[in-house]
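A.B. asks: Sharing a model that was predicted from the sequence below.
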Amino acid sequence: MYPGAIGDDGEHIEAEDEIAGAQIPPDAPDIEAETLQYTVNVFCLFSCETELTVTRLRDSISPALDLMRHGFLAKSPSKPTIAISLKTLELLYRLRQRKASYSIEAFTKVLCDYYQMPYRRHLREAVGDTFELYLRIIRRVEQVVHTTLGWDGADWRPKNACRACCYVLENEPPLRFSRLYAMDGNNSLKRMATTADRTAADTRVLDDSTYFLSRQFVDSYAKEVQGRDVKGPAVRNRGGEDISDDEGNAEGPSRICVDNWKSAAKEETKRMWSIFDESGIFASACRHSLILWIMDMVKSGELAKYPLATVAKVLENIGQDTLGGYDIGCAFLSTVQRSSLGPTFQEKNGHFCVCAFHGYSHCHTCQMQFHPNNLAGAGLEDLETMERIFSASNQLASVTRYASPYRRRLFMEAYFRQWDEDKTLNIGTFILNNYRQALEILQHDGEVLREAMESLGITFADMDRWEHEELSFFARLGDEDDYDIHAVVYVELLQELRDLEPKRSQANTRFLHYTPSVGGSGTSASYCKDLAATRRVENERRHANEQYERVSLEVCALEVEMGLTVRWTPLTPQYMATLKYIKERKYHRTLGKLQKLVTQRLFELHKLNVAQTGYKMRTHIAKSLQTRCKTIQRAVKAYNAAAAMLNPPRPALDWSRVASFSFLEEFTLLQDTRNDIRDKEWSKPAIREAMKLRHRLARAQEELDRLNVEVRRLHTAIRDETLLFDSVLTRLERHNNALFGATSEFITRRKRINNYLLIHIQQVYTLDGFTGTQGPGTRLGGVVPLPAREAGGQPEDLDGLIVMAGNAFEDDNDSDGDVLEDEEQENMDGLVQFLSELAL
């Protein structure tokens, strides 16, 4: 068992039999012979004992191992003064695995309450340091167990952890996309940077994690695409230089999509203060929510190098026909194709799409090609996996914000290890629920579609033709007619000149007819008043004449440039054509502003209901929505004014209609100022709903096809694992290997998960409408995966880990240190979050 585990009889399992790291020699000295004794202060929630008399053999190599034999662990390997029981540490470990925001300080206060003693900071430091050591032991034992099982190859975890995704079988029906995954960035897991005049004491690096990609690997893709897309707030380094990539190279629909996505931010010019070393994480996961890779975003927003590094790993380890979901997947697809990964990406037939919710902020042309609802092979997957993961992992923020880089990664890895175990247990429920959903859609919506097609008198061939027409229409919609910029400026100057003419005439008339007061009192005050009035009239005349002359000169210069011999008038055909173009451009600008405001409103409404959004944040969003609604009302008025100037006038919008807009395609339909599309068949609401329903039915059938493959993969993997486990346990027991206990506990827990999954697999098999093959199959390319090494060999020495792991915590002095209390940290977190969102 792992250190701190509880046996069946309720007694603590002695640790030396489980983690000694070697066989127990038959000639081991008797513990009663040649012993020493010393006393250590201890804490245990289960016994509340205060002191422990440790019996130590004279040839013992470390007091740490002596304490472990008694069921205690201390942060100092050579001079322990305070030790925590393994049972207590195991309780804290389980609490933290289930509630990531549960702090060491809170647990220490509970411990003090049990001992009826006042809380002291040095006790929290002792508990925190000992708990880190316990985590490292747990982590190392798990690594050795995985090595014993043969689960330790390069990138073994992302290649094999999700059995429904990875366990490919022989003679499987082909799928359009072999694997679906999602990726995104999150800025909640920031870590504060050290100040310039301080040096970090903890310089350790957790560089052997299977979850985290190294900074060196990520930075190798920093220069792949110069000046390419980045999402989220940019970041300035300490020198004030903007280190974010530029989005200016995005073109066409991709440019529009990136702008729409960014409109969800408070301001597009927002800059994050450089008070963080790690400004968040960029992560990826399969569609069943098991983590693939994580990387730190270092003093930056979502630079292109982070998703590019993820794509490089996907191409290396996952293979052909992958579909990745990303908030700006449409624009990022061109980024990948222009990078050094492009040829391999094309060769392996990779593809990207936008996530379902974020996709509705993209232009309609993009949605028709990249939204999962419209993408053949995507099934019913929304690919918003990372949003759900980040919603849960945000709990880590309070315990990692001020941690050292090593501890931050250690806590994050422990959290995501537990997350993967929970999601592994949930795969059976995932498959069962999705199967039921797909069957319900095919049964109910299929009948609705048939009735709709009969009532409308349409066929599938008609819908195919209309979809092609719609795509062609929207593809051309964004193309504006080329027009002479000189003509536009010329007409604008003529309009300005015409507006200045009455102003100039009035100023000259007022000047010519102005007469100072006559017969006044002759006082100095009266004279000063007349002088000021005279100067004001003279200034108005001079300014009006100067403005008129300036515009006249510009008009004359343009007439020479354009070769005009006769000045245009409002009745000149060229003037009228140019004026129409100007009105349409103004219309598009007002429409774009209105679209941006509604996009902001949609994102804020979504965040208002996001899990764990705090009360203060919800209140702030609600007030922001009230302000946003007033701004939208003003934008609607400006739009209606511009729409009325068109020929023919566009229909006016009212507030109630705009408030009900939920998809941006409704804006896109307004952008055509050349044709009235209301007569086109595909624009009619009933036909559009029928076309959407057809897409949904196609996705439901694809989902069934994928689930049929996944449920059989999962069943086969469970059967093969059972054979592997029995083989490994038999070898360990035959050789009396010290890792038998830890491996047996791991296998027992894994078998219980598998038994739970088998129940759901059987429920899937018995569903009315199940179309797959029941029973396990044969894994592609081999038989049961046995460990690469002889399981009976000696395991790695773990005594050295216990002895050496605590060297960083040698000092047990009662020091207040620099660690913030929970209440202080909460207040500081609020200030930090506020400062990080300020616009500079």
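C.D. replies: Perfect, I can see it now. Every value quoted in this text rests on a predicted model; they were computed, and no experiment measured them. Numbering: from 1, shown residues only.
A.B. asks: When you work out contacts or count neighbours from here on, use the C-alpha atoms and nothing else.
C.D. replies: OK.
A.B. asks: mind showing which ranges of this protein have poor pLDDT?
C.D. replies: Applying pLDDT under 70 to the chain picks out residues 1-35, 195-200, 225-274, 363, 474-484, 517-523, 592-593, 595-628, 655-679, 782-840.
A.B. asks: Name every strand pairing with the strand ranked longest in it and say which way it goes.
C.D. replies: Counting residues, the longest strand found in the chain (DSSP state E) is strand 276-286. Using DSSP bridges, strand 276-286 pairs in its sheet with strand 179-186 (antiparallel), strand 191-192 (antiparallel), strand 291-298 (antiparallel).
A.B. asks: I'd like these as a markdown table, with distance to I104 appended.
C.D. replies: Output for the strands paired with strand 276-286, formatted as a markdown table (distance: least, Cα to Cα, whole Å):
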| stretch | distance to I104 |
| --- | --- |
| strand 179-186 | 24 |
| strand 191-192 | 18 |
| strand 291-298 | 24 |
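A.B. asks: Next, please give the residue ranges for the helices of the stretch 351-500 of the chain.
C.D. replies: Along the stretch 351-500 of the chain, counting by DSSP state H, counting those that start in this stretch, helices occupy 356-359, 364-370, 385-393, 397-400, 405-440, 446-456, 460-477, 485-512.
A.B. asks: need those helices in CSV with distance to P573 and mean neighbour count, can you?
C.D. replies: Listed next are these as CSV, based on distance: least, Cα to Cα, whole Å; neighbours: other Cα atoms under 10 Å:
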stretch, distance to P573, mean neighbour count
helix 356-359, 43, 21
helix 364-370, 35, 22
helix 385-393, 56, 18
helix 397-400, 65, 21
helix 405-440, 60, 19
helix 446-456, 45, 14
helix 460-477, 26, 14
helix 485-512, 12, 16
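A.B. asks: want to try a markdown table for those, with distance to I275 as columns?
C.D. replies: Listed next are the helices of the stretch 351-500 of the chain as a markdown table, based on distance: least, Cα to Cα, whole Å:
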| stretch | distance to I275 |
| --- | --- |
| helix 356-359 | 29 |
| helix 364-370 | 37 |
| helix 385-393 | 22 |
| helix 397-400 | 15 |
| helix 405-440 | 15 |
| helix 446-456 | 55 |
| helix 460-477 | 44 |
| helix 485-512 | 46 |
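A.B. asks: Out of those, which gets nearest to R535?
C.D. replies: Ranking the helices of the stretch 351-500 of the chain by distance to R535, with Cα to Cα as the measure, places helix 485-512 first at 10.0 Å.
A.B. asks: Now do that closest one: which elements does it pack against?
C.D. replies: For helix 485-512, the packing partners by 3 or more Cα pairs under 8 Å, 6 or more residues apart in numbering; DSSP states H and E come out as helix 524-562, helix 573-608.
A.B. asks: How far does stretch 750-768 sit from its chain's centre?
C.D. replies: 31 Å (Cα atoms, centre = their mean, to the nearest Å).
A.B. asks: let me fix that: stretch 423-431
C.D. replies: How far stretch 423-431 lies from its chain's middle: 22 Å, per Cα atoms, centre = their mean.
A.B. asks: Run through who's touching that stretch.
C.D. replies: By Cα atoms under 8 Å, 6 or more residues apart in numbering, the residues outside stretch 423-431 that reach it are 162, 164, 288-290, 707, 710-711, 753-754, 756-758, 760-761, 764.
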